[in-house]
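Peer 1: here is the input, now give the coordinates:
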Amino acid sequence: MIVDANRKGVDSHGVVRLAHYLRRLENGTIKTNPEISVERLAPSVLRVDGDDALGHVVMTRAANETIAAAKETGVATAVVRNSSHFGIAGHYADLASQAGCAALVTTSSDSFLIPFGAATPFFGTNPIAYGFPTSGPPMILDMATTTIPYGKIDLAKKEGQSIPAEWGFDAEGHPTTDPNAIVGLHPVAGPKGSGLAAIIDVFSNLFVGAAWGPHIVKMYGHIDRPRKLGHFITVWDLEAFGEIDAFLHEIDTMIAELHALPRAEGVKHVYYPGELEAERAAHREKNGVPIADGLYAELQGLARELGISPIETMEKSND
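Peer 2: Purely as a prediction, here's the structure:
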């Protein structure tokens, strides 16, 4: 699943996170043999307890259970507790789209977003994803509520690269180009992103009694503590709203008209949400997934630690 993130060009959530997951699996803050449970609280409401498992495993179970419930009742929601980082939110919306459903997915992270008008971080980067099937690649909107996801900071650290000064602030509240000095990120669209981050904390955490905002266990800062993250997913079975073929016809027409719009100067193509990721995935399947030097060295080190023969050579990607 983390490789799928790299495949789609979402490198901030791909193998760059592997070392972190392995460290937590090793120290037990992510369980290797969890007992994930699912409760049916109402005909259309599920509660999933991840038992501190890897978030990808927990949320895949939650998504599949919610899709199945939505096929019974038309719409279903699952709240998730005691989980950990689950990768890209759009992956779970994509699972629903493959089943002929629409979906909303949210999760939260430790405090890194500086709310509009504030001077210190409070909410997490708090991603949200929507997904819908089409006759081609699904329409998937997956976005953080900060101007950039934290994973881009992590990548810059590993590669020893500077970052744009407009990405965030250091401890003194000044813009910085040093990824190691970043303590907070800007919300996307000012008060709008700040407000959306708050709503996502309500869905992801307050609905299930999980910690929120500055009370969430830090991904990297509290490596010796389970994160106990909350997630949220709602799935709509499109057949419950009418013939799915009619829906597909309309969304395909919308996409065709979007593609036909006059383009701004220098723009070759107007994309719908998720289309660029599908295009990148097709390209990388053919040409390979690029791995930067710093991350490659880290993966080699992990292989040695685990007793796996490191890859001594790697073909140059045409990405």
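Peer 1: and the gap between G90 and Y130?
Peer 2: 9 Å (C-beta to C-beta, to the nearest Å). Bear in mind the C-beta positions are built from the backbone N, C-alpha and C, glycine included.
Peer 1: the two: who's more crowded?
Peer 2: Neighbours were counted for G90 and for Y130 using other C-beta atoms under 10 Å; G90 has more, 28 against 20.
Peer 1: which of the helices or strands spans the more buried one?
Peer 2: In this assignment (DSSP states H and E), G90 forms part of helix 89-98.
Peer 1: quick one: residues in contact with stretch 233-247.
Peer 2: 59, 62-63, 66-67, 69-71, 74-78, 80, 92, 96, 100-106, 133 (C-beta atoms under 8 Å, 6 or more residues apart in numbering).
Peer 1: spit out the residues that contact G90 and Y130 alike.
Peer 2: Listed contacts common to G90 and Y130 are 105, 140-141; contacts here mean C-beta under 8 Å, 6+ apart.
Peer 1: list the contacts for the residue nearest the centre of the chain?
Peer 2: Here the mean C-alpha position of the chain is nearest to the C-alpha of I88 (C-alpha atoms, centre = their mean), at a distance of 2.4 Å. Going by C-beta under 8 Å, 6+ apart, I88 touches 4-5, 8, 10, 13, 127, 129, 142.
Peer 1: any idea which of these is closest to H186?
Peer 2: Taking C-beta to C-beta as the measure, H186 lies nearest P127 of the contacts of I88, at 15.4 Å.
Peer 1: please enumerate the helices of the chain.
Peer 2: Along the chain, the segments classed as helices by DSSP state H run 2-7, 18-27, 55-73, 89-98, 150-159, 191-201, 244-259, 275-287, 293-305.
Peer 1: mind saving the C-alpha coords of the helix holding G90 as CSV?
Peer 2: Taking Å, rounded to 0.1, in the frame of the first residue of the first chain, the C-alpha atoms of helix 89-98 are listed here in CSV:
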residue,chain,number,x,y,z
ALA,A,89,-6.6,8.8,2.6
GLY,A,90,-7.5,8.6,-1.1
HIS,A,91,-6.6,4.9,-1.1
TYR,A,92,-9.7,4.1,1.0
ALA,A,93,-11.9,6.3,-1.1
ASP,A,94,-10.6,4.5,-4.1
LEU,A,95,-11.6,1.1,-2.5
ALA,A,96,-15.2,2.5,-2.3
SER,A,97,-15.2,3.7,-5.9
GLN,A,98,-14.1,0.3,-7.1
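Peer 1: and the helices of the chain as a markdown table, adding mean pLDDT and distance to V267?
Peer 2: Formatted as a markdown table, the helices of the chain follow (pLDDT from 0 to 100; distance: least, C-beta to C-beta, whole Å):
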| stretch | mean pLDDT | distance to V267 |
| --- | --- | --- |
| helix 2-7 | 92 | 25 |
| helix 18-27 | 95 | 35 |
| helix 55-73 | 98 | 34 |
| helix 89-98 | 98 | 23 |
| helix 150-159 | 83 | 23 |
| helix 191-201 | 97 | 24 |
| helix 244-259 | 98 | 12 |
| helix 275-287 | 96 | 13 |
| helix 293-305 | 88 | 31 |
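Peer 1: between the ones you listed, which gets nearest to L229?
Peer 2: Nearest to L229, of all the helices of the chain, is helix 55-73, at 6.6 Å by C-beta to C-beta.
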